[in-house]
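# coords please:
(chains A and B)
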Number of protein chains: 2
Amino acid sequence: MQEQICFINGSFVPAGEASVSVFDRGLLFGDGVYEVLRIRNAVVFRPQAHYLRMQSGLDTLGIGNPWNEQEFACLCAELAQRNRVRGGHVYLQVTRGVAPRTHLVPRNLQPTLIGFAAEADLPKWKDRPSGLTAITVSDPRWARCNIKTTMLLPNSLAKQRAADAGAYEAVFVSEDGLVREGASTNVFVVLDDVIYTHPDDQRILPGITRAIVLDLAQAEGLTVKQQPVQVERLQDAHEVFLTGTTTDVGPVIRIDDRPVGNGKIGPVTAALMHKYSELLADETGTD
Amino acid sequence: MQEQICFINGSFVPAGEASVSVFDRGLLFGDGVYEVLRIRNAVVFRPQAHYLRMQSGLDTLGIGNPWNEQEFACLCAELAQRNRVRGGHVYLQVTRGVAPRTHLVPRNLQPTLIGFAAEADLPKWKDRPSGLTAITVSDPRWARCNIKTTMLLPNSLAKQRAADAGAYEAVFVSEDGLVREGASTNVFVVLDDVIYTHPDDQRILPGITRAIVLDLAQAEGLTVKQQPVQVERLQDAHEVFLTGTTTDVGPVIRIDDRPVGNGKIGPVTAALMHKYSELLADETGTD
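Numbering: from 1, shown residues only, chains lettered A, B, ... in the order given. Model (predicted):
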């Protein structure tokens, strides 16, 4: 089997040779942003949306964007091709660069560019009609979760905690009891024919799939309110679902060992799963 | 000039060759801890305290400690020696290791070990009798700042914001107005003959210098209360000082462009600066 090919600062190299300096600020300070894009039928899905989000994060951190939109899309496609990925993900990361270690933010560094791609099992809800489970956890993360930085330790620990509890996702709840988002997903709650999701502020990631699903819901004539939901109201929720690049639209049928609604995938979730898979097929071909 | 020598996974290599895999979880997730130790007169100061703090962080994250206490101290000393550092710092970092990227926490990885040392200008308050300035900033950090992880972007951004305002340090203030700690220091506030500092909980780093200064204050018969101070009370404070490995005991004479007390280094701060420098001299020799 061919070794995985990575991108590092302009070159494509075997994974075993893809490395960064120990003085890289990504490693020493978590000083950088990343994107994970979906590859389906060898097509990279919606690179523009990921590019714009990365641009926004880099702007916030004062790091120059090394790519224009076309270069970003081409790099994703080339990583997919070189690694012969038909279904999976491409990962891109930009750090501020390499500098002697100091808390002060160095200016005008050459950003470090990292990319790789790999096959992955993508969610196929047709094959898993029983839905997903989730747990709730208190949100320990920093106050700027809208920036997609690599400071992901709390997300990683929460995801593992969910797995240890036999669940797919950990849903972060604020100190004052508001449902924010999952460790790697956004969260939607259906209550009395209204779809609620946390507003697009500094406390959640502006999910690419989240935005698509909001559009799909609107097109379906569904009522969506971008308002946070109190965690207690999850008990009354008729439906809950997750969205994310690695999750698609994921129906949640149990949270903290209680069934959501009647414990089955509800009609709103099913409709959006269907619409989302149609859109995926439109843009990346049928399986 | 000789190239800096770094430690990486058991080997000493020139800085230009010291690198980690792009799949290192330190780089992808901020999944690891670090320590910065002071070197004075070529002696590493208090390695045991740093070792124990690193041990605690590794335990919390479920990462095995690659070193026993003696190995840790020896490595610090060897890095100082190989880099001919007489006054400066040694940096050690342990990440969970290298694994295919997933939020789930991989078990039983070989941790990645990183070390380097360099000369640095150490604070000599005798030469800077005018004291330091600070600004206050809202604390955007995550809820487990007691773990010395490399998720330091908020600290770095705050430190730069202080520098942009002509100040040395940024002091984090909680949403409910409590003074927590500086971006790279702990904070002490003297009010009516009592020294206040934030309690040693999950919201601050258990500083090595902080602990020493608490001992020194007690030995001096000073009253210390480990209670948070409301940010407004900084206006009434007679004295404010910072502690940290790279700061020692740092007198703050202005905060947010207002003088602290009479705008000069106060007697409590001066006494603790003196005692701390005596202790340093006792353990690492006189200059």
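
# how about the strands in the stretch 151-287 of chain A?
A:169-173, A:179-182, A:186-191, A:194-197, A:223-225, A:239-244, A:248-255, A:258-259 (DSSP state E, counting those that start in this stretch).

# need the ones you listed in CSV with mean pLDDT, distance to residue A:6 and mean neighbour count, can you?
No exception for glycine: its C-beta is placed from N, CA and C like everyone else's. Output for these, formatted as CSV (pLDDT from 0 to 100; distance: least, CB to CB, whole Å; neighbours: other CB atoms under 10 Å in any protein chain shown):
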stretch, mean pLDDT, distance to residue A:6, mean neighbour count
strand A:169-173, 98, 28, 25
strand A:179-182, 98, 28, 26
strand A:186-191, 98, 29, 25
strand A:194-197, 98, 35, 21
strand A:223-225, 98, 39, 14
strand A:239-244, 98, 23, 26
strand A:248-255, 96, 26, 24
strand A:258-259, 96, 43, 10
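
# what about chain A, any weak spots by pLDDT?
A:1, A:125-129 (pLDDT under 70).

# where do the helices sit along it?
A:25-29, A:47-61, A:69-82, A:153-164, A:208-219, A:267-284 (DSSP state H).

# next, the buried residues of the longest one.
By neighbour count, and taking 16 or more other CB atoms under 10 Å in any protein chain shown as the criterion, the buried residues in helix A:267-284 are A:268-270, A:272-273, A:275-277, A:279-280, A:284.

# which of the helices of chain A is buried the deepest?
Among those, helix A:25-29 has the highest mean neighbour count (mean count of other CB atoms under 10 Å in any protein chain shown), at a mean of 28.

# ok, residues contacting it?
For helix A:25-29, contacts defined as CB atoms under 8 Å, 6 or more residues apart in numbering or on different chains pick out A:20-22, A:31-32, A:93, A:95-99, A:101, A:103, A:106, A:109, A:112, A:114, A:150, B:20, B:24, B:26-27, B:34, B:93, B:95, B:114, B:150, B:152-153, B:155-156.

# those in strands, which ones?
Of the contacts of helix A:25-29, the ones assigned to strands by DSSP state E are A:20-21, A:32, A:93, A:95, A:112, A:114, B:20, B:34, B:93, B:95, B:114.

# nearest to residue A:41 among the buried residues of helix A:267-284?
Lowest distance from residue A:41 to the buried residues of helix A:267-284 (CB to CB) belongs to residue A:284, with 4.9 Å.

# which residues touch the closest one?
By CB under 8 Å, 6+ apart, the residues touching residue A:284 are A:40-41, A:43, A:45.

# now, the most widely separated pair of those?
So, the contacts of residue A:284 by CB to CB: farthest apart are A:41 and A:45, at 9.7 Å.

# more neighbours, those two?
More neighbours surround residue A:45 than the other of residue A:41 and residue A:45, with 22 against 14 (other CB atoms under 10 Å in any protein chain shown).

# what are the phi and psi values at the more buried one?
phi -90, psi 120 (degrees, to the nearest 10).

# now it: closest residue in space that isn't a chain neighbour?
residue A:38 (4.4 Å; CB to CB, 6 or more residues apart in numbering or on different chains).

# that neighbour contacts residue A:49, doesn't it?
No. Using CB atoms under 8 Å, residue A:38 is not in contact with residue A:49, being 10.9 Å away.

# got the strands of the stretch 151-287 of chain A as a markdown table, with distance to residue B:205 columns?
Below are the strands of the stretch 151-287 of chain A laid out as a markdown table (distance: least, CB to CB, whole Å):
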| stretch | distance to residue B:205 |
| --- | --- |
| strand A:169-173 | 23 |
| strand A:179-182 | 25 |
| strand A:186-191 | 32 |
| strand A:194-197 | 35 |
| strand A:223-225 | 40 |
| strand A:239-244 | 33 |
| strand A:248-255 | 34 |
| strand A:258-259 | 38 |
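
# would you format these as TSV with distance to chain B included?
TSV is the format used below for the strands of the stretch 151-287 of chain A (distance: least, CB to the nearest CB, whole Å):
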stretch	distance to chain B
strand A:169-173	9
strand A:179-182	10
strand A:186-191	15
strand A:194-197	21
strand A:223-225	25
strand A:239-244	11
strand A:248-255	14
strand A:258-259	24
